[in-house]
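>>> Mind looking at a prediction? Sequence and model below.
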Amino acid sequence: MKPVRLPASATNALPRWGLFALCLLYILPGLIGRDPWKNEDAAGFGIMWTMAHGTWQDWLTPNIVGLAMSQEGPLAYWIGALFIQLFGWLLGDVLAARIASVAFFLVGATSVWYAAYLLGRRNDSQPLRLAFGGQPEPRDYGRTLADGALLIFLGCLGLLVHSHSTSANALHISLVAFSLYAAARFFENNSARAAIVLGIALGLMALTRTWLMPLALWLALVIYDTLQNKSLNPRLLALTLPIAVLVPSAWIIALHSTQAAGNMQFAAWMATSFRQLNPPSLDALKYLVVNGIWFVWPAWPFAAWAVYAWRRQYNALHIALPFIFCNTIALLAILNVHSEPGILLPLLPSLAILAAFGLPTMKRGTINAVDWFSVMTLTTVAGFIWLGWIAKQTGWPAQLARNAFKLAPGFKPEFNLFALIVAIAASAGWIALVHWRISRRPPVLWRAVVLSSGGVILCWLLIMTLWLPWGNYMRSYGAVARQLALELPHTGYCVEAYVGPAQRASFAYLGGVTFARNDSAQCDYLLLQDNNRRKDDVRIITRSAQQWRLLWEGRRPADRDERFRLYQRIH
């Protein structure tokens with residue numbers, strides 16, 4: 001027996017304009033007025049910027065002004081570079097590249113909504129008919145579940161930072177969501193068109209990162225379909241797989257036409273996939289469990305409950321399909337010994353959809369407990385963000401102000417009236433949302449997650465308005481890049497650099513530093529990155545049979561470990 005009994009009043013859907021506004025409110029803060037930040041954000045922008053202002057070879061072999069970045073496919077960087085070329089003259093290169101992040105997020109959010117809608121309107125997912133009628137219509141029930149899935153997706157903590165970065169991760173998670181939608185469409189009508197769309201989605205996924213995950217998902221879908229129908233679906237084999245292979249093949253063929261550079265790029269792309277296949281390890285499992293608890297919150301408790309509540313209908317598509325995606329991706333994470341947050345991101349779409357089907361089966365007491373936990377936790381976090389901003393602006397509370405300035409020595413607080421107005425309006429909206437939820441106690445299904453999602457959006461918006469100058473000071477290389485640029489001539493030079501990808505991208509864009517594009521370049525300047533905790537004072541070094549004299553030394557004030565040294569060749 002199905003575990004769901006619902007009246008039609010529980011399936012009142014959110015208005016479309018409200019969902020769209022909520023998505024924009026989620027994705028836009030943090031994209032405007034922010035420098036490229038340390039690590040993947042700056043590195044991803046550096047690849048896009050190099051492509052947009054480089055040659056056709058830069059489009060085929062992703063690099064950061066000469067530093068090869070050959071571990072991933074180029075699709076995300078192609079799109080970002082295209083937006084830089086189209087809108088960089090108007091918005092600036094950084095903001096133009098972040099239009100791609102907005103597009104990636106909207107594709108992912110839309111795919112989550114429509115996948116949940118397709119699965120939610122199926123007959124096997126419908127609630128039991130009531131004795132005297134009044135049960136919801138299939139389309140209304142599907143829309144309500146889709147609203148719930150989207151709210152859960154927006155509320156996932158792990159999505160926040162990665163969806164706002166200019167990196168391949170943002171597009172990768174969206175293509176996983178789109179693949180799930182395409183699979184739902186295929187299993188609904190078994191059409192050739194749906195099989196082709198699924199193949200395109202998997203192929204684009206391979207062109208974004210590596211071929212391992214799309215191949216694993218295709219194999220999982222083939223096994224599921226074969227077990228369900230007792231035969232292999234010819235369209236998965238004859239349409240989906242060839243299309244998935246064909247999509248990245250054009251890039252691979254073009255790579256081989258560029259001789260050495262293209263062959264190195266292809267070899268590195270293939271090696272990245274093989275490097276992710278290892279015997280299962282306890283450390284990888286521990287990383288998945290420990291980090292997944294907060295990374296995929298609040299999706300995993302609802303998803304776990306959905307699996308339990310629908311255990312007697314475990315082979316129904318609305319449970320089986322997201323469960324297959326989730327378990328396949330989790331298995332790949334366990335096989336990947338190179339633990340990083342990016343391997344957990346693809347879990348979010350399937351977990352959000354699976355969690356949505358747990359909402360109709362939850363007891364009122366459990367829903368109220370989740371609501372109160374969200375209100376108390378997220379209101380406390382928002383209050384602390386406000387208190388920290390007040391401490392930075394006024395010096396009170398004194399201890400909190402000292403701690404903030406201790407983390408960012410030399411930081412000078414900035415007052416932005418517009419940012420303050422936005423933060424006040426967002427806080428007032430949160431109070432109104434909590435009052436509406438508590439006073440009216442609406443019976444709609446998505447009431448259990450609206451406070452979780454709204455609170456996460458509030459906290460992110462407060463950080464990206466009130467704390468944005470502090471975040472730029474802590475995470476941007478803008479200041480040190482400008483210091484470095486002052487020590488270099490305006491034109492007619494090159495720098496041989498041994499720094500990380502994010503640092504190279506930041507110095508090239510924010511400081512206008514001209515780096516050597518190949519190993520054969522004879523540069524008069526040498527830039528090294530090392531540990532600031534080392535107390536050595538090397539004024540003259542010998543490198544490549546040449547002597548170099550220390551010209552400049554600097555670091556970001558907020559980073560006590562990182563240090564940069566600029567040397568000039570002694571002729």
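Nice, thanks for sending it over.

>>> which residues touch the nearest residue to A401 once chain neighbours are set aside?
Leaving aside its chain neighbours, A401 sits nearest to A391 (4.1 Å; criterion: C-beta to C-beta, 6 or more residues apart in numbering). From N, CA and C alone the C-beta is placed, and that goes for glycine too. Going by C-beta atoms under 8 Å, 6 or more residues apart in numbering, A391 touches P397, A398, L400, A401, A404.

>>> Where strands are concerned, which of those count?
Per DSSP state E, strands hold no members of the contacts of A391.

>>> Sort out which of those residues are in helices and list them.
Secondary structure assignment by DSSP state H places A398, L400, A401, A404 of the contacts of A391 in helices.

>>> Please list all residues in contact with P469.
Counting by C-beta under 8 Å, 6+ apart, P469 has contacts F411, P413, E414, N416.

>>> Tell me, what's the model's pLDDT at the closest residue to the first one other than its chain neighbours?
Setting aside the residues directly before and after it, F411 is nearest to Y473 in space (C-beta to C-beta, 6+ apart), at 4.9 Å. Each residue has a pLDDT score; the one for Y473 is 88.

>>> Could you do D536 as well?
67.

>>> Number of residues surrounding I64?
I64: 27 surrounding residues under other C-beta atoms under 10 Å.

>>> now the closest residue in space to it that isn't next to it in sequence: how far from H53?
If the residues on either side of it in the chain are set aside, I64 comes closest to G46, at 3.9 Å by C-beta to C-beta, 6+ apart. Separation of G46 from H53 (C-beta to C-beta, to the nearest Å): 11 Å.

>>> same question, R98
Counting by C-beta to C-beta, the gap from R98 to H53 is 17 Å.

>>> what does P279 give?
As judged by C-beta to C-beta, P279 and H53 stand 44 Å apart.

>>> which one of the two has more residues nearby?
H53 (16 against 8).

>>> Can you report phi and psi for the more buried one?
phi -110, psi 10 (degrees, to the nearest 10).

>>> Could you turn the buried ones of the contacts of P469 into a ChimeraX selection?
Buried members of the contacts of P469 can be picked out in ChimeraX with the line below, counting by 16 or more other C-beta atoms under 10 Å:
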select :411,413
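
>>> Double-check V499 against F507; I have them as touching.
Yes: with contacts counted by C-beta atoms under 8 Å, V499 reaches F507, the gap being 7.3 Å.

>>> Give me the common contacts of those two.
L527.

>>> Which residue of those two possesses the greater neighbour count?
Each of V499 and F507 has its neighbours counted (other C-beta under 10 Å); F507 has more, 27 against 20.

>>> Can you name the residues in contact with the helix or strand where the more buried one lies?
Following DSSP states H and E, one finds F507 within helix 501-510. By C-beta under 8 Å, 6+ apart, the residues outside helix 501-510 that reach it are 35-36, 38-43, 45-47, 49, 64-65, 67, 69, 93-94, 476-478, 481-482, 484, 497, 499, 513-515, 527, 529, 564.

>>> Can you name the next helix or strand after that helix?
Using DSSP H and E, the helix or strand that follows helix 501-510 in sequence is strand 525-531.

>>> Which positions in that following strand come out as buried?
Buried residues in strand 525-531, counting neighbours by 16+ other C-beta under 10 Å, are found at Y525, L526, L527, L528, Q529.

>>> ok, so of those residues, who is nearest A303?
Q529 (42.1 Å; C-beta to C-beta).

>>> What does the pLDDT read for that closest one?
Turning to Q529, the model gives it a pLDDT of 89.

>>> Pull out the buried residues from the helix or strand harbouring V375.
Following DSSP H and E, one finds V375 within helix 364-394. For helix 364-394, burial by neighbour count (16+ other C-beta under 10 Å) applies to 367, 370-371, 374-375, 378-379, 381-382, 385, 388-389, 391-392.

>>> just curious, which of those is nearest to E340?
Closest approach between these and E340, by C-beta to C-beta: V381, at 25.0 Å.

>>> Report how many residues lie close to the closest residue to that closest one other than its chain neighbours.
What sits nearest to V381 in space, not counting adjacent residues and going by C-beta to C-beta, 6+ apart, is C459, at 5.2 Å. A count of nearby residues for C459, using other C-beta under 10 Å, gives 21.

>>> C459 against I385, yeah?
Yes: assessed by C-beta under 8 Å, C459 is found in contact with I385 at 6.5 Å.

>>> Need the residues touching each of those two.
Counting by C-beta under 8 Å, 6+ apart, C459 and I385 have no shared contacts at all.

>>> Give me the next element, helix or strand, following whatever helix or strand L22 lives in.
Applying DSSP H and E as the criterion places L22 in helix 16-27. Helices and strands here follow DSSP H and E; after helix 16-27, the next one along the chain is helix 40-52.

>>> In terms of secondary structure, what does that following helix contact?
Counting contacts by 3 or more C-beta pairs under 8 Å, 6 or more residues apart in numbering; DSSP states H and E, helix 40-52 is packed against helix 56-60, strand 63-64, helix 75-91, helix 93-120, helix 501-510.

>>> so can I have TSV of these showing distance to L180?
Compiled in TSV, the helices and strands packed on helix 40-52 are given as follows (distance: least, C-beta to C-beta, whole Å):
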stretch	distance to L180
helix 56-60	29
strand 63-64	32
helix 75-91	18
helix 93-120	5
helix 501-510	31
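
>>> Would you mind saying which of those lies nearest A170?
Among the helices and strands packed on helix 40-52, the nearest to A170 by C-beta to C-beta is helix 93-120 (4.3 Å).

>>> That closest one to helix 40-52, inter-axis angle?
Calculated by axes from the mean of the first three to the mean of the last three C-alpha atoms, to 10 degrees, helix 93-120 forms an angle of 110 degrees with helix 40-52.

>>> Centre of the chain to helix 93-120, how far?
11 Å (C-alpha atoms, centre = their mean, to the nearest Å).

>>> Dump the helix or strand following that helix to CSV, restricted to CA.
Per DSSP H and E, the first helix or strand lying C-terminal to helix 93-120 is helix 138-155. Extracted C-alpha coordinates of helix 138-155, given in CSV (Å, rounded to 0.1, in the frame of the first residue of the first chain):
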residue,chain,number,x,y,z
PRO,A,138,-1.7,14.2,-10.6
ARG,A,139,-0.4,17.5,-12.2
ASP,A,140,-1.1,19.5,-9.0
TYR,A,141,0.6,16.8,-6.9
GLY,A,142,3.6,16.8,-9.3
ARG,A,143,4.0,20.6,-9.2
THR,A,144,3.9,20.6,-5.4
LEU,A,145,6.6,18.0,-5.1
ALA,A,146,8.7,19.8,-7.7
ASP,A,147,8.4,23.0,-5.6
GLY,A,148,9.6,21.0,-2.6
ALA,A,149,12.5,19.5,-4.5
LEU,A,150,13.6,22.9,-5.7
LEU,A,151,13.4,24.4,-2.2
ILE,A,152,15.5,21.5,-0.8
PHE,A,153,18.0,21.9,-3.6
LEU,A,154,18.4,25.6,-2.7
GLY,A,155,18.7,24.8,0.9
